[in-house]
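**Student:** pasting the sequence and the predicted coordinates here, then a few questions.
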Amino acid sequence: MTAQLSLPSIRDLVASRRTGHSLDGWFYTSQDIHDLDMSAIFTSHWLFVASVAEIPEPGDYVTVDLGLYSVILIRGDGGEVQALHNVCRHRGSKVLNDTSGSVGNIVCGYHKWTYATDGSLLHAESPAKDFDASCFGLKPVHLKNAGGLLFICLADEPPADFDEVAATVEPYLAVHDIAHTKVAAQIDIIEEGNWKLVMENNRECYHCDGHPQLICSLFPLYGYSEEDVTKRLRPVLHRYQAAEAQLRETCAAHAIPVAVHEELDTRVSGYRIARLPLDGAGESFSQDGRSICRKLLGTAPTARLGHLALHLQPNSWFHFLGDHAVTFSVLPLGPSKSLLRTTWLVHEDAVEGEDYDLAELTRVWQATNTQDVTFVARTQLGVTNPRYEGGPYSPTEYQVEAFVNWYIKRLEHHLQAS
Amino acid sequence: MTAQLSLPSIRDLVASRRTGHSLDGWFYTSQDIHDLDMSAIFTSHWLFVASVAEIPEPGDYVTVDLGLYSVILIRGDGGEVQALHNVCRHRGSKVLNDTSGSVGNIVCGYHKWTYATDGSLLHAESPAKDFDASCFGLKPVHLKNAGGLLFICLADEPPADFDEVAATVEPYLAVHDIAHTKVAAQIDIIEEGNWKLVMENNRECYHCDGHPQLICSLFPLYGYSEEDVTKRLRPVLHRYQAAEAQLRETCAAHAIPVAVHEELDTRVSGYRIARLPLDGAGESFSQDGRSICRKLLGTAPTARLGHLALHLQPNSWFHFLGDHAVTFSVLPLGPSKSLLRTTWLVHEDAVEGEDYDLAELTRVWQATNTQDVTFVARTQLGVTNPRYEGGPYSPTEYQVEAFVNWYIKRLEHHLQAS
Amino acid sequence: MTAQLSLPSIRDLVASRRTGHSLDGWFYTSQDIHDLDMSAIFTSHWLFVASVAEIPEPGDYVTVDLGLYSVILIRGDGGEVQALHNVCRHRGSKVLNDTSGSVGNIVCGYHKWTYATDGSLLHAESPAKDFDASCFGLKPVHLKNAGGLLFICLADEPPADFDEVAATVEPYLAVHDIAHTKVAAQIDIIEEGNWKLVMENNRECYHCDGHPQLICSLFPLYGYSEEDVTKRLRPVLHRYQAAEAQLRETCAAHAIPVAVHEELDTRVSGYRIARLPLDGAGESFSQDGRSICRKLLGTAPTARLGHLALHLQPNSWFHFLGDHAVTFSVLPLGPSKSLLRTTWLVHEDAVEGEDYDLAELTRVWQATNTQDVTFVARTQLGVTNPRYEGGPYSPTEYQVEAFVNWYIKRLEHHLQAS
């Protein structure tokens, strides 16, 4: 028991991972593993941090705090988006201190050093005689725009395979036209759990009985194969199969891609994309499955487009529907604390109170998030217990295992490289 | 001075302990010593955690959080009490999340794995084909019931001498019949001090001038021998001697054991038990010493039974009276934070508002606990000061020294074994 | 990047300091550097902690918490001031638990051990037979009174050069007669930043555009040489030069010293003292520069005495004016948390509401402190960013560099000695 109470070598921990079982408790509780996750995962991979809808006009910016880093995403005068490290080149003050806003130039509030939206230093008062302003621009951050979704990477050499993933995903996103959406709501939740518990919770529907609002429209079959389906879920499966047939027909008629692409643990930028039917009216996340925004997204030919489910390693997932979209991202705040950011996007011309009711739009995922907060917090408490040992996954949790596989492979890669 | 600011070797610290003097400051402030205390003391010894009165009916449970551990104490259908680790065998969720309650089976709220009250796994949905439910019961925890007091031990091999202590103590408890009490009140206090400071404060009455409510009924002579008693305390001593003679007479008449057993630092399961007179009317903890619950405990022939004082290493003490009992346990929450749980027990048939007034029942020990909170917090601040050095105990503090002796011996034993 | 995330050797960090540039981020964020600062700086140097005005009468005391230490400053019956470690010699309780008060003897509240104001133990109840009270007095702390300002040093051998500094400074203070002042207000602010950021912020006026209230009376030219002054500041410089000429005339007429002494980084007890003109009416910190206390300090011949600016390494600065004085001290509370204590002193006979309005007296520095809190907090956030790198000081920030020089030299000295 004593041995359990001090962290074994991280290499040993990684090597001793037991396939088919949940991870050892240290992975969810140790400060050292948290630090490793920050370097091996969060500063080494592409991360979804915002959509273009959050910075629609020149000068609009958001700041994203990621561990000890802070990054500015700002739209320049030419409309292009820039990502910059949010730290002044003089004495290091954080430059932009709000989470979002709009500026002409980027001015540090301390000694008024003034930067252009591309980061170049425009003015510093009373400099030394040999001062060369061209050496003191805000440092750039790698940025990709994939179909309106903004990804940053803090690594010197970002993973190269992301472009392939973006090329696969963009045709699926086209019908939803994210570039012409607006933010209807954005809610941050502090989860009392390790970021991996938040992700694992997202990657299975074995617990979906605990989400009464969600299962009105989302079939609780995520991760189930036809043989896995229990007697209790058999009627659900039949409704699902009928809805799926109809969805395939609609998509075929409008050249909307629908096939599953799943490379969750077989590439660096692991992902899964699939267009899936919804229950009830099949249109949206609502009690009866009917749409909750009258103005449809992009070129949607009908509200009944099911949901385009996109899952990305390490930390994001998405539901794109005919009438709105919801994006989710998870950022670690510590070994046992994480930020879950949920953003609801609607057509940029949709009018609140007219085309949609905000409470109704956010109802299902607010309730679901709140339920998940409890699941994650209780699991964090449990895996912290020295008598916890990893238990076996159910076959329906295969995507949890894929996440864990991906994670362990990335750690192995990082530990070999360092 | 610099040397003082980083922890010396723990073996050196233990070896350099100065008999007759309070411990070095590191013992009360260091995270490493806290971790050592958790393994050498709290997961190696028998700990009082509850009385049977807290779980009277089948299915009733309490959960006890002890460091990173959480333990379920539950009464099974046959009436027997079980202790189980409170962590699901699937993915580790904490199973029971309330501090007390009543259940049929033990169901994990996350994925509905369902356990019997003896811990065996009754049901897990959609398991893998080779899943063997018999391998996934909740893990058991060692448990002893000594006269209605429940003790757990988290060690693989619990100290064997506890049964001797239980055998000595049980005849003293018999007249109070704890098995037929109920909880009148239970109050948890967070002390801003190391658990050992809370214990040391309990083990002397050198500070009892600071407890005006308590010294109405409890003679402030704890730890004093007749020679130690100062002129100021002489009249108290004379009242004490008279009350003691009368108590001995009563007990002799009803075959109630009264002799002192004291093995505080001479065995693994250190303890002291003694039946002692009370001041004033001699019946209970009240302003005039009269009883505060009309319904007496067990087979008490009179309210005037003094108090049966039981002190156990490492972390509990008790006062059993004719009309009620009070139990105290201390659990470390960190190097400078502890939980003190105080529980007032009355006869199971006593009726609040009729047989006793709750405010009156709890008044003396609530006031005393609050006063002790201040003493402990100020001592924690002081021993954290790098210029603190252990000072000499007064002869009246010999039980503080016995506690420290016991503690240092247990550390030595642990360090030798590991 | 990984390398940046774990602390390099402190000796390497100190050795790699880049002259003319702000310090590496570790100096502001690391717990190890904080611990080093506590021993190399705060327990090795003379620190301003209070003025005599705070303990005017025999028995008056203040307690000063400094890292893990707590020190009592108490005025004895003979009027002399004593500094004592605030930790009981029995079992270590913190003896005096209020920040200020008045006592006859110093009595520990736990077991009533009683000390005289000089620290000697007067009484301990029920001691052991061989107890020698003369060995158990409260431990003394080194103390200096420089012109009414009280300095303590926690080192065994305090820096010897402090007496020279005191001898230089005292003639400047004489006209303000601090020994006959009283505390009009004392305000503690928690800064969310390392103590060095608070100090660096104090040592330059490059940011004084951010202090609209302060620059009504304080010329924002601190650290500027005549060549540094920008076109925008040229009119301010001319006003300054006229005011300075008049101030020199006044001081010459009354034999008040006015010359600059500056040894910020060229001695152990680094300091700078200078009497400088104020803007507007030139008398005090107010919107129009007029005095805000009718009763002048000491022997001030006129309210128009400018401000005597005193800056001491490591952690204090002062403004002494004709009508009042303001003292500032900074104490680290952790790597990213500091206490700024600001005290306003007026003539001991000045009457609030009659001679001065308290809100008016404190307005400028309360506003300025609040603005600085934001500057410091944002800089702390920025220097914590792994992508922060030390940037170049402007020539006007030469006193920031002097502070950093002094600091690095003192670390080097400490590391060589240990």
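**Tutor:** Thanks, I have it.
**Student:** show me the contacts for the residue most central in space within chain A.
**Tutor:** Centroid-nearest residue in chain A, with C-alpha atoms, centre = their mean: residue A:316, separated by 2.0 Å. Contacts for residue A:316 (C-beta atoms under 8 Å, 6 or more residues apart in numbering or on different chains) come out as A:47-48, A:327-330. Any C-beta I mention is one placed from the backbone N, CA and C, and that applies to glycine too.
**Student:** how about residue A:277?
**Tutor:** Residue A:277 neighbours (C-beta under 8 Å, 6+ apart): A:219, A:240, A:243-244, A:246-247, A:306.
**Student:** mind checking how far it is from residue A:283?
**Tutor:** 10 Å (C-beta to C-beta, to the nearest Å).
**Student:** pLDDT score assigned to the residue in the stretch 51-200 of chain A positioned nearest to chain B?
**Tutor:** Per C-beta to the nearest C-beta, residue A:200 is where the stretch 51-200 of chain A lies closest to chain B, at 7.5 Å. Per-residue pLDDT puts residue A:200 at 98.
**Student:** that one: how many residues sit nearby?
**Tutor:** Neighbouring residues of residue A:200 were enumerated by other C-beta atoms under 10 Å in any protein chain shown; the total is 25.
**Student:** was I right about it contacting residue A:402?
**Tutor:** No - assessed by C-beta atoms under 8 Å, residue A:200 is found out of contact with residue A:402, at 10.5 Å.
**Student:** need the residues of the stretch 301-418 of chain A near chain C, please.
**Tutor:** Taking C-beta under 8 Å from any C-beta of the partner chain as the contact definition, the stretch 301-418 of chain A meets chain C at residue A:418.
**Student:** how about the residues of the stretch 301-418 of chain A by chain B?
**Tutor:** Residues of the stretch 301-418 of chain A lying near chain B by C-beta under 8 Å from any C-beta: A:374-375, A:378-379, A:381-396.
**Student:** repeat that with 10 Å
**Tutor:** For the stretch 301-418 of chain A, the contact set with chain B under C-beta under 10 Å from any C-beta of the partner chain comprises A:371, A:374-397, A:400.
**Student:** and for the stretch 151-300 of chain A?
**Tutor:** A:197, A:200-201, A:204, A:206-210, A:223-224, A:228-230, A:232-233.
**Student:** quick one: the spatially closest residue to residue A:314 that is not a sequence neighbour from residue A:331, how far?
**Tutor:** Distance criterion C-beta to C-beta, 6 or more residues apart in numbering or on different chains; nearest residue to residue A:314, sequence neighbours excluded, is residue A:41 at 5.0 Å. Counting by C-beta to C-beta, the gap from residue A:41 to residue A:331 is 11 Å.
**Student:** and if you look at residue A:131?
**Tutor:** 36 Å.
**Student:** the more surrounded of these two?
**Tutor:** residue A:331 (20 against 14).
**Student:** which SSE is the residue of the stretch 151-300 of chain A found nearest chain C in?
**Tutor:** Of all residues in the stretch 151-300 of chain A, residue A:156 sits closest to chain C, at 7.1 Å by C-beta to the nearest C-beta. If you go by DSSP states H and E, residue A:156 is not part of any helix or strand.
**Student:** neighbours around it, how many?
**Tutor:** Count around residue A:156 with other C-beta under 10 Å applied: 9.
**Student:** tell me which element the nearest residue to residue A:268 once chain neighbours are set aside falls in.
**Tutor:** Counting by C-beta to C-beta, 6+ apart, residue A:268 lies nearest to residue A:159, which is 4.3 Å off, once chain neighbours are set aside. Counting by DSSP H and E, no helix or strand carries residue A:159.
**Student:** of the residues of the stretch 151-300 of chain A next to chain B, which is the most crowded?
**Tutor:** residue A:197 (30 neighbours).
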